Structures are given as C-alpha cells and as structure tokens.
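1. Below is the structure, and that's it, no one-letter string:
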C-alpha cells in the first residue's frame with residue numbers, strides 16, 4: 001500500500017506537494033469498511049506552520065460500494081476537497097484516516113444503481 005505518511009523532517013519551507021492514490025489495498029486496510037475498493041487520486045499540499053501542518057487536498061476518482069436496493073456492487077464517482085490544520089507531533093503525520101473519512105463523507109446517503117440497472121433477480125424478489 002502506498003504510504004499516506006508525511007515525514008516532517010522532509011518538508012521544505014513553504015508549500016510541499018504530494019500525490020497519492022487510495023486503491024483497493026488502502027480501502028481494505030480499514031476494518032469493517034463500507035467501501036469495497038476503488039481508485040481515488042489525492043493531490044495534497046502541506047505547509048509546515050511550526051506546531052501544526054496546514055493540509056489541503058483534492059480527491060477524485062471512483063469507489064465500489066454495495067447498492068442499497070439490490071446489494072450488488074456499485075461504482076460511484078467521488079470528488080471533494082478539504083483543508084485541515086493538523087498537530088505536528090512526532091516524526092511524521094499519517095493522512096490515511098483523514099483521506100478515508102473525506103471519501104466517505106463525499107458519498108451520497110442513498111447508494112443505488114440508476115433505475116433499471118439493479119440485479120434483476122433481486123428486484124423480482126423484492127417486488128413479490
């Protein structure tokens with residue numbers, strides 16, 4: 001899995017740019033995750049402000065979830081941005097939980113296939 005860890009000693013003065021990818025291995029590392037997998041590109045800018053880091057990121061890609069209607073696999077687009085101030089304690093800061101959380105909050109509340117694309121057998125069963 002690609003690391004989402006920012007080593008504080010490697011930061012230069014000013015804005016530092018990072019590119020990361022959240023993939024199937026990334027999503028699988030979160031126990032009990034509702035996200036089955038996907039590929040989300042993360043463009044991140046980090047600025048060292050002494051005791052804290054100013055982190056801004058743009059996330060774009062797709063994730064796989066379970067359809068709320070037919071329980072089949074569903075691929076959804078994800079796109080969001082965030083800015084966070086993070087305490088700079090220790091030799092590094094891990095951004096994986098923050099990235100995961102923002103991906104989850106970018107998803108719609110109801111996750112269903114477009115009309116007519118759900119699993120036909122399941123839809124017939126539910127119609128009885």
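-> Noted; the coordinates are in hand. None of these values were measured; they are calculated from a predicted model.
2. Bridged to residue 75, which residues?
-> Under DSSP bridges, the beta-bridge partners of residue 75 are residue 64.
3. Count the residues that sit near residue 94.
-> Here the number of neighbours of residue 94 (other CB atoms under 10 Å) works out to 13. From N, CA and C alone the C-beta is placed, and that goes for glycine too.
4. Spatially nearest residue to it, not counting backbone neighbours?
-> What sits nearest to residue 94 in space, not counting adjacent residues and going by CB to CB, 6 or more residues apart in numbering, is residue 5, at 4.9 Å.
5. Please report phi then psi for that neighbour.
-> For residue 5, the backbone dihedrals (degrees, to the nearest 10) come out as phi -90, psi 130.
6. Ok, residue 100 next?
-> Per-residue torsions, residue 100: phi -60, psi -50 (degrees, to the nearest 10).
7. any idea how far residue 34 is from it?
-> 11 Å (CB to CB, to the nearest Å).
8. quick one, which of these two is more surrounded?
-> Taking neighbours as other CB under 10 Å, residue 100 and residue 34 compare with residue 100 leading, 19 against 12.
9. now the more buried one: how far from residue 94?
-> Separation of residue 100 from residue 94 (CB to CB) stands at 11 Å.
10. Residue 19 now?
-> Remark: distance between residue 19 and residue 94 (CB to CB) = 17 Å.
11. and if you look at residue 77?
-> Relative to residue 94, residue 77 is positioned 26 Å away (CB to CB).
12. quick one: which helix or strand includes residue 20?
-> strand 15-22 (DSSP states H and E).
13. Also residue 99?
-> If you go by DSSP H and E, residue 99 is part of helix 96-105.
14. which strands and helices sit next to that helix?
-> Applying 3 or more CB pairs under 8 Å, 6 or more residues apart in numbering; DSSP states H and E, we find helix 96-105 packed against strand 15-22, helix 24-28, strand 37-48, strand 52-66, strand 73-87.
15. which other residues reach that helix?
-> The contact list for helix 96-105 (CB atoms under 8 Å, 6 or more residues apart in numbering) reads 4-5, 20, 22, 26-27, 29-30, 33-35, 40, 42, 55, 57, 59, 63, 78, 80, 82, 84, 86.
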